[in-house]
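# predicted coordinates and the sequence they were generated for:
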Amino acid sequence: MSSRALRRLRVEQEASLAEEHDGDESSSDEEQNDGGGGGFMAMLEEESSSEEESSESDDEEEEDEEDQPAVAASNKSKKGQATAKKEQAPVEEEEDLDAILSDMKIQNEITGDEAENNDPSASTNSSTVRSILLSKTHGYDTQDLDLDYSLRDLLGGAAVAGNPLFIDDDDIQQQQQLQQQRGRNNRNRGGRNNRRTVAKKYLFGKVKPEWGKPPSFVGGGLGVKELTQDVLEEEEGNKWSVPWPYNESGDGCGEDDDENKEKDAFPNAKWFTFDMSDTYSEINRKYEQMLSNPQAGMQDPNLLAMFVADNPFFAETILQMAMVLYYVNDRGRGSDLLRRCMYLYETALPSSLLPSNTNANDGEANNEIFMDINLQPNSGFFACLFRIMQTSGMSGCHPNALAVGRYLLSLDPLRDPMGVLLILDYYALASRRASVALSEEDEDGLELGASFIVDLVESEKITINWEDDLTSRHHKCPLLQLPNWAFSYAMALHRLSRKEEADEALKTALETFPMVLPKLLEMNKVNVQARSFQMDWPTVLPAFNHDLNTANIDEVNTQIEARVARAAGEHLVRIFVERNHKLWKENDVVQWMYSCSEKVVKGDEPQLEKEADAGEGAMSTSTELPPKQLTSKFSPALVRYAQCDPSDYEDRFRTFPPEAIALDPNLVGPALVHDHRRGRFLRGGQARGGGGMMEREMMEDVPADLMEQLRGMLGMAGNEVDLLDPDSPILQLYLQSLLPWAQVEGVRPPR
């Protein structure tokens, strides 16, 4: 695109903007001068400054070369001017394009705000699950992914700009912009050193030098590929397809619908997966052999530590070793290994798959990015993210746990394979982080966690889906059918001072899941026997205690499907109460629960007013309503979470005594630090999962004459195979491998 076309586009943009704001000339002139003209004048000033710099450099060259012949000087100056013009032309066009695009971006933001004000449904219709979970407008910040930053923020070190622990992303962005400007100036001046190096910033924490540099996919590490139709056709035997419920939009009733079947619910979805190189696949094969072979002793944590030391860039065993250290109450080294495992995955991931604060402004905002956990390399990545979220929540870094959980949920939001929805609402409410106050009335600002819960529920983008293997029926229910989200949604509205909506949400939650109220009061040790003018629990709780009697419920639920759904619902209620009960222990919250539960039992109007309207005789005969019986209603889709372990959602690990797992510190130390000069720990049959002894036993079963014939064909008649240690000196290993009866361990013989 030429500079004339760019300037013409610029003029058209200014003319259209002037026509829209012709009602107020003074204000429109100021907006044009500030928003549009300022960027254009700055562009002209940059061009003039660059021309002056080029002229000054030409003058200096002419002064230095006065002693040379005039013809040569003139020819040289002409060539210099010609090359300068050739180099300056694309730079001017690039600067013009940047200036116009920046101005158009500002105008689009202005017009976009006006369009959103005119059409309130535009934002909800165009938003995707990824934009709701990972956009900055919904309170997401990539800094929260860094555990060190969350710890500094928890201790007050990241909240004050004068603190030496304070880290601001604006300073990093300014430094990167300065480096880019310096590189551009060097290219314009014809400098030789045009290479610009910008340090990569890892989102999940700072990299430690003892972790080493993981290899790339070509070098034997992990890679990432998109699961397109072309890729699937190239790979023989890959029968992967888009899983349910992403490949169709069912109605949740479990019946086959020809209209909804084969209808893609996410047309802009992109599926990615980790790709293992040949070297990584070979290590994975050895690891699976050690797990399948009981003689290998992989149940021994010391053997696991040796395997980690020998394979420092294999993520699966690093994650297992980290959890072993957590279960023996060694949290420091366990956290180090857990972050090291995430570092391996983050190195392989491209920037488009990682969360970013600018996702809402680029073209990737309209695309959903998913991963299938059923593919083997992806399962370790999901597990690593879940363990980071779990350990951060145990440490009290709820913003870090919330950020990691939101990213984990965005990878597979409809199936939720790791059960993130059972704990994500707690992290959102427990983070207690508020935005900047926009008015004097709202001094504390908007609570970001509560706002996120309300936005996610009201968007209706996430549903609970479960496929029954026995009946092949598909079940679906909204997010509010989860007990924890029903009560957390009411709590979020209550914190946002939306009183009427909060009361209605809490009454709906109490009517749908009445068993939650007695359990919350019991966990918070509320005295439900005392009576006062404010709260009279003995008159309210009998209606809710009816749901706790299993005998009464078994009479109603005669179908097996209803009983299975209730068992799953009770399982989820137990997880919710044990984790979230502290959020419901404040006096004002208990008073709010009582007022809503009283309305559920007695109705919205007080009982005395109803009796007064009926007459004096009615008032004297009865002072109480007949007992009301409430029963919980659980959706069959909740069976999806029936297999979730409650211990994964507790606030601490159930540790083992040190004598139960005897870890050798001489083996754990090398597993924590990568040293390429160190030899291997597992050798011989241990590295192959005990395969050395098994291979010898198999050889003994082979007839002797056949073995002699095979050795004669290989030139090893009368000699056994001698396995060479690959960690031997390279020259010695090379000379020994020339012998016909020698074979390097771990290297397949030539065909």
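Structure's in. What do you need?
# pLDDT weak spots in the stretch 351-500 of the chain?
Regions of the stretch 351-500 of the chain meeting the criterion pLDDT under 70 cover residues 358-366, 436-445.
# swap the cut-off to 90 and go again
Along the stretch 351-500 of the chain, segments meeting pLDDT under 90 span 351-352, 355-368, 375-377, 395-396, 432-447, 467-474.
# just the helices in it please.
Applying DSSP state H, counting those that start in this stretch to the stretch 351-500 of the chain gives helices spanning 376-394, 398-411, 424-431, 448-459, 483-495, 499-512.
# any chance of the ones you listed in TSV, plus mean neighbour count?
All C-beta atoms are positioned from the backbone trio N, CA, C, and that covers glycine. Formatted as TSV, the helices of the stretch 351-500 of the chain follow (neighbours: other C-beta atoms under 10 Å):
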stretch	mean neighbour count
helix 376-394	21
helix 398-411	26
helix 424-431	25
helix 448-459	21
helix 483-495	24
helix 499-512	18
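# as a markdown table, those with distance to Gly221 would be great.
Listed next are those as a markdown table, based on distance: least, C-beta to C-beta, whole Å:
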| stretch | distance to Gly221 |
| --- | --- |
| helix 376-394 | 11 |
| helix 398-411 | 21 |
| helix 424-431 | 31 |
| helix 448-459 | 35 |
| helix 483-495 | 39 |
| helix 499-512 | 48 |
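# quick one: closest of these to Thr137.
Proximity to Thr137 (C-beta to C-beta) singles out helix 448-459 among the helices of the stretch 351-500 of the chain, at 9.2 Å.
# ok, residues contacting that closest one?
124, 127, 132-133, 138-139, 402, 406, 425, 427-435, 462, 479-480, 485, 488-489, 491-493, 495-496 (C-beta atoms under 8 Å, 6 or more residues apart in numbering).
# ok, back up a step: out of the helices of the stretch 351-500 of the chain, flag the one nearest Asp278.
Of all those, helix 376-394 sits nearest to Asp278, with 13.7 Å by C-beta to C-beta.
# surely Glu598 and Ala543 touch.
No - checked against C-beta atoms under 8 Å, the pair Glu598 and Ala543 is beyond contact range at 10.2 Å.
# what is the longest strand anywhere in the chain packed up against?
What stands out as the longest strand in the chain, according to DSSP state E, is strand 269-276. Under the contact definition 3 or more C-beta pairs under 8 Å, 6 or more residues apart in numbering; DSSP states H and E, strand 269-276 sits against strand 222-226, strand 368-371, helix 376-394.
# residues of the helix or strand following it that come out buried?
Using DSSP states H and E, the helix or strand that follows strand 269-276 towards the C-terminus is helix 278-292. Residues of helix 278-292 classed as buried by neighbour count (16 or more other C-beta atoms under 10 Å): Thr279, Tyr280, Ile283, Asn284, Lys286, Tyr287, Gln289, Met290.
# just checking, what packs against helix 278-292?
Applying 3+ C-beta pairs under 8 Å, 6+ apart, we find helix 278-292 packed against helix 315-327.
# please name the nearest non-neighbouring residue to Pro350.
Distances taken as C-beta to C-beta, 6 or more residues apart in numbering put Val224 closest to Pro350, at 6.1 Å, once the chain neighbours are dropped.
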